[in-house]
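# Give me a 3D structure for the following:
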Amino acid sequence: MLTQTLQTIVRAIDNPLNGILPDFTIFGAEFTQLWQKLLAGVWGIGIILAVVFLIIGIIKMASASSGGNPNDYKVARNQAMWAGISLGVLAALAIIVGAILAVFG
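The predicted structure follows:
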């Protein structure tokens, strides 16, 4: 009885966001340009940092392989691997976000 009442209430509620799409121009063209520049700058810094961490990880791998300590090599390899994955995700960020919005939007 209670389940049937809850199902009736849930069916009676319409989606208030149905047909509404995000509009980034509501605050004006200047605001749109500002947030796009800020996002592009943060994205670029993220790519630069990922490249730096990748280079550092590769250098650490080279020095650890000549040092003979397998644990140091494993730590350096993990750092290089995660930096490479991060770089790949950052490079494909626009495609990933577009695909998510296409599937769920």
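# moving C-terminal of whatever helix or strand Ser63 lives in, what's the next helix or strand?
Under the assignment given by DSSP states H and E, the secondary-structure element containing Ser63 is helix 29-67. Next along the chain after helix 29-67, taking DSSP H and E as the criterion, comes helix 70-91.
# pLDDT weak spots in this protein?
Residue ranges of the chain with pLDDT under 70: 1-12.
# one step back: next, the angle from the helix holding Ser63 to helix 70-91.
Taking axes from the mean of the first three to the mean of the last three CA atoms, to 10 degrees, one finds helix 29-67 and helix 70-91 inclined to each other by 160 degrees.
# which secondary structure elements does helix 29-67 contact?
With contacts defined as 3 or more CB pairs under 8 Å, 6 or more residues apart in numbering; DSSP states H and E, the secondary structure elements packing on helix 29-67 are helix 70-91. Quick note: C-beta positions are derived from backbone N, CA and C, even for glycine.
# Go again with 10 Å.
helix 70-91, helix 93-104 (3 or more CB pairs under 10 Å, 6 or more residues apart in numbering; DSSP states H and E).
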